[in-house]
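Chemist: When you get a sec, could you give me coordinates for this:
(one chain, ligands or ions: 1)
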Amino acid sequence: MHLPWRNHSFLFFSLHWTMTQPDRESVMNLPGLDPLPIKSTRTPAAATHKSDTSLDRPVCLPRASLARRSSPRLFGNPARAALMGSSQALALWVVITHLLSLGGGFASCAWPSSATHDDAGCLSWRVMVEANNARGWRTVPAPCVGYVKAYMTRGQYGRDLDSVMEQVSAYVDQIAAAAADGLDAWIFDIDDTCLSNLLYYQAKRFGAYDPMAFKKWASQGACPGIPPVLGLFAALQDKGFKVFLVSGRDEQTLGSCTSQNLESEGFSGYERLMMRTPEYRGQSSSLFKSAMRKQLVDEGYRIRGNVGDQWSDLQGDNVGDRVFKIPNPMYFVP
Ligand SMILES: [Mg+2]
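Modeler: Residues are numbered from 1 along each chain as shown. Next up is the predicted model:
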């Protein structure tokens, strides 16, 4: 993790050390000073520095101390003084350049902000999302937009998705084939489970949910399928499971294009597509999907597994024997 204040403290320490390095001869010539204090005066400075960097404290050298330490009276020899003055100027230049490169300056000697978002901070945020600790968020935090884009497009999302599929496969191997009565069922969500909306959210820079814009995107029926999920989808049907697709999409306006989109991406042969009808409009996804699952259970189906990208797909009533969460740091659906 990048800790700029630690770099600052190092550079301040370097500056401090340089500026407090009187030549031994000069110190010896100062009235009332013994050579030995050179060592003893450095030790507390080093200890203070170590303490500052090991704790969450900013390192700010007292300006009065700097002024006192750089007093010309320490440099009895004019040539030596000139040389040390150059060293100080060089050290000062290095520190200023470094601080400016970090977007700060001398005035930025401040406490490290807890709002700092580097990759590690955004990773923490993503883990909170996947663990369902972060809820109700409307957009990806602005400093993490680039991180989420990189996560989704540069391989990690695919690796995490493959890992989820491995866990599903291990579970499917455990329960073997579906029972002969044809009532063993699996449930899949659609958006960002079977079909990807990455292109849409990327174009929107992962902004707040816009129902009209999303409807326009979905009505094009051009959402790419997610291959690992398609593989699972096909394997489960081969083993005799009945697959149900349950989606919060509006059936009246998006039913036709959704079924066509699924078909064109290879998601065919499923038992039933269950979408939001007018009576469920305005209900949370969790409530709507609970109602759909209850309907299946009432019909006698045993829900052996449930796959979705939102926790609202996987919580509520009759969630199934096992639930599997597909990663999605792009948006939150309650
Ligand atoms: Mg979804």
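Chemist: C-alpha only now, for contacts and for neighbours.
Modeler: OK.
Chemist: Near Gln283, how many other residues are there?
Modeler: Look at Gln283: counted by other Cα atoms under 10 Å, it has 13 neighbours.
Chemist: Next one: whatever residue of the stretch 201-334 of the chain ends up closest to the ion from Gly182, what distance?
Modeler: Proximity to the ion, evaluated over the stretch 201-334 of the chain using Cα to the ion, is greatest for Asp309 at 4.9 Å. Per Cα to Cα, to the nearest Å, Asp309 is found 26 Å from Gly182.
Chemist: Of those two, which one has the most company?
Modeler: A direct count of neighbours by other Cα under 10 Å for Asp309 and Gly182 places Asp309 higher, at 24 against 13.
Chemist: Now for Gly136, how many residues are close by?
Modeler: So Gly136, with other Cα under 10 Å, has 12 neighbours.
Chemist: so it makes contact with Trp311?
Modeler: No - here Gly136 lies out of contact with Trp311, judged by Cα atoms under 8 Å, at a distance of 11.5 Å.
Chemist: Could you name every residue contacting both of the two?
Modeler: Pro334 (Cα atoms under 8 Å, 6 or more residues apart in numbering).
Chemist: ok so, going back, for the residue of the stretch 201-334 of the chain closest to the ion, give me the pLDDT.
Modeler: Among the per-residue scores, Asp309 holds a pLDDT of 98.
Chemist: Leaving out the residues flanking it, which one is nearest to it?
Modeler: Of all residues not flanking Asp309 in the chain, Ile326 sits nearest, at 4.4 Å (Cα to Cα, 6 or more residues apart in numbering).
Chemist: Would you mark the buried spots in whichever strand or helix holds Ala213?
Modeler: Element membership for Ala213 (DSSP states H and E) is helix 211-219. Within helix 211-219, the residues scored as buried using 16 or more other Cα atoms under 10 Å are Ala218, Ser219.
Chemist: What of stretch 271-289?
Modeler: Leu273, Met274, Met275, Arg276, Tyr280, Ser285, Ser286, Leu287, Phe288, Lys289.
Chemist: where exactly do the helices run in the stretch 201-334 of the chain?
Modeler: Secondary structure of the stretch 201-334 of the chain (DSSP state H, counting those that start in this stretch): helices at 211-219, 227-238, 251-264, 285-298, 311-314.
Chemist: Mind giving me the packing neighbours of the first one?
Modeler: Using 3 or more Cα pairs under 8 Å, 6 or more residues apart in numbering; DSSP states H and E, the elements in contact with helix 211-219 are helix 251-264.
Chemist: Tell me, how many residues neighbour the one residue in the stretch 101-250 of the chain that gets nearest to the ion?
Modeler: Closest to the ion within the stretch 101-250 of the chain is Asp191: 3.8 Å, counting by Cα to the ion. Close neighbours of Asp191, defined as other Cα under 10 Å, add up to 22.
Chemist: repeat for the one 4 residues further on
Modeler: Counted with other Cα under 10 Å, the neighbours of Leu195 add up to 23.
Chemist: pLDDT below threshold where in the stretch 151-300 of the chain?
Modeler: By pLDDT under 70, the stretch 151-300 of the chain contains no weakly predicted segment.
Chemist: how about the residues of it that lie near the ion?
Modeler: Along the stretch 151-300 of the chain, the residues adjacent to the ion under the rule Cα under 5 Å from the ion are Asp191, Asp192.
Chemist: redo that, cut-off 6 Å
Modeler: Asp189, Ile190, Asp191, Asp192, Thr193 (Cα under 6 Å from the ion).
Chemist: of all those, which comes closest to Val164?
Modeler: Each of those was checked against Val164 using Cα to Cα; the closest is Thr193, at 11.7 Å.
Chemist: if we can go back for a sec, with Gln237 as the reference, measure out to the residue of the stretch 201-334 of the chain closest to the ion.
Modeler: Shown here: Asp309 relative to Gln237, a distance of 21 Å by Cα to Cα.
Chemist: Equivalent analysis for Gly316, please.
Modeler: Per Cα to Cα, Gly316 is found 25 Å from Gln237.
Chemist: the more surrounded of those two?
Modeler: Set side by side, Gly316 and Gln237 show more neighbours around Gln237, with 19 against 16, by other Cα under 10 Å.
Chemist: Next up, the contacts around the more buried one.
Modeler: Going by Cα under 8 Å, 6+ apart, Gln237 touches Val243, Gly269, Tyr270.
Chemist: Repeat that for Val164.
Modeler: Phe324, Lys325, Ile326.
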